[in-house]
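> Quick one: sequence and predicted model below, then my questions.
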Amino acid sequence: FLSGRSIFVTITMAKVKPVSVKGVTCMSWNKDCSMIALSPNSSDVHIYKTNGSKDNKKWDPKPAYVLTDHSETVSSIDWSKTTNFLLTCSHDRNAYVWTFKEKENKWEHDLVLLRINRAATMCKWSPLGNKFSVASSARCVPICYYEEKHSWWVSKAIRKHKSTVLSVAWCPNNKFIVTGATDFRCRILSAYMPALDSEEDQHGFGDIFPKQHEFGEVLAEFDQAKAWVHDVAWSPSAYRIAFTGHGSTLHFVQLSAEGPEVQTIRHNSLPYLSVEFLSNKAVVASGFDQNPHVYVGPDSGATALEWKFVAKVDKEEKLEKKKKKKFGAALSMFESASQRGQESAKKSTVLTKHLNSIVEVYPFYEDSFASSFATAGIDGRVISWDLEKAGLELKTLKDA
């Protein structure tokens, strides 16, 4: 209300077909992008056949499969690129590992023993697909692995957090995780399991993290966000991480034997909810601003962090205004005055393709570089973006 009058806003937006009118809370694609799994802001998971296209207008109009075993909102989905197992978790405190049965033409899930008493917030497969992590409101992160004797997934919890864990990501070496929590901390922790992981130090982390093979050990902790840490990401090279803070901050970390170096960028946009590496020197972040933002940093061999904002992917082009005829304008003014108690209807134009917050970014990698990515939003839209078509030079985003 303003001065005792109700304000009626007419919204004009770019035409993008929504996948769900209720919104999309999470999504994940299979290895060849022939299928996508998403949750329409409910306890269900819808799996669509994409017909080889990232444009949802070309997908099958109805989902090929609907998974209905969760009883509360599905909070995260991750499709393993190595095993084709589909992982889901929900506010019902459960996680399921789904396997496709070709003969029955249906998805069946295996039992996962999380042993948490609060909601699961995010789940991620390890790079090798032999274990996965689940962030939770129970202030812990269960690391789950398959136990063939009982044909179920059991967990071993990491309990080093003081509040809800919102996000988790894996290091490319399959041994570490990085987490973001509402206790204002970003942490790197060891998720090493002798039965599943090799003792060989292929990435040379022995000098950086001497206790790398001690499960649950806090290897590094960062408090620069001074606010909730919404999301975390690990670079393909394994020596850089990024995390976002609710105070409109974006943080980059360079790992080295001399100690981690942290760069904080205080941007002018609304807080980011999701961040992902496109390469070792390029990051895309998005959230409440409804527009993906790209940041570029130095090549992997550089010692100093010099990350900077370079572009908004959605150019926010203004739509052409259609002139109203005199009679139509007069009628609109009369309706506004009689029905809404105001002299004229106020019109607001949404310039971005997303009409509400972007909750997830999904990069399409090809040899450790993603020239395109997809975003999902509360507006129910899943939109794919091509960086070259957006006017960005790919050579400036690739590592030298």
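On my side now, so go ahead. Residues are numbered from 1 along each chain as shown.
> May I have stretch 215-224 as CSV, with CA atoms only?
Presented in CSV, the C-alpha positions along stretch 215-224 are these (Å, rounded to 0.1, in the frame of the first residue of the first chain):
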residue,chain,number,x,y,z
PHE,A,215,38.1,-38.6,7.8
GLY,A,216,36.1,-35.6,9.1
GLU,A,217,39.1,-33.4,9.7
VAL,A,218,38.6,-29.7,9.0
LEU,A,219,41.4,-28.9,6.6
ALA,A,220,40.6,-25.2,6.2
GLU,A,221,38.0,-22.8,7.4
PHE,A,222,37.0,-19.4,6.0
ASP,A,223,34.9,-16.7,7.7
GLN,A,224,35.1,-13.9,5.2
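> How far away from the center of its chain is it?
21 Å (Cα atoms, centre = their mean, to the nearest Å).
> Could you list the residues in contact with it?
143, 156, 158-160, 176, 184-193, 209, 211-212, 243, 245, 249, 251, 253, 255, 260, 262, 264 (Cβ atoms under 8 Å, 6 or more residues apart in numbering). In short, each C-beta sits where N, CA and C put it, glycine included.
> pLDDT averaged over that stretch - what is it?
In this model, stretch 215-224 carries a mean pLDDT of 97.
> In that stretch, which residues are buried?
Buried positions in stretch 215-224, judged by neighbour count with 16 or more other Cβ atoms under 10 Å: 215-220, 222, 224.
> got it, and stretch 182-197?
By 16+ other Cβ under 10 Å, the buried positions in stretch 182-197 come out as 182, 184-193, 196-197.
> K49 bridge partners, please.
Applying DSSP bridges to K49 yields these beta-bridge partners: M35.
> I'd say it and K62 touch.
No - using Cβ atoms under 8 Å, K49 is not in contact with K62, being 9.6 Å away.
> Which residue ranges of the stretch 201-350 of the chain form helices?
In the stretch 201-350 of the chain, the helices defined using DSSP state H, counting those that start in this stretch lie at 326-339.
> what's the helix or strand for R139?
For R139, there is no host helix or strand (DSSP states H and E).
> what's the neighbour count on it?
Neighbours of R139 under the rule other Cβ atoms under 10 Å: 18.
> what's it in contact with, if anything?
Going by Cβ under 8 Å, 6+ apart, the list of residues near R139 reads 118, 159, 161-165.
> got it, and C140?
Here C140 is in contact with 116, 157-159, 161, 165 (criterion: Cβ under 8 Å, 6+ apart).
> Please repeat the previous calculation with a cut-off of 6 Å.
157, 159 (Cβ atoms under 6 Å, 6 or more residues apart in numbering).
> swap in I241?
The contact partners of I241, by Cβ under 6 Å, 6+ apart, come to 178, 234, 253.
> could I get those residues as a markdown table with neighbour count, pLDDT and distance to K54?
Compiled in a markdown table, the contacts of I241 are given as follows (neighbours: other Cβ atoms under 10 Å; pLDDT from 0 to 100; distance: Cβ to Cβ, whole Å):
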| residue | neighbour count | pLDDT | distance to K54 |
| --- | --- | --- | --- |
| V178 | 24 | 98 | 28 |
| W234 | 24 | 97 | 24 |
| V253 | 23 | 97 | 31 |
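> Nothing else from me, thank you.
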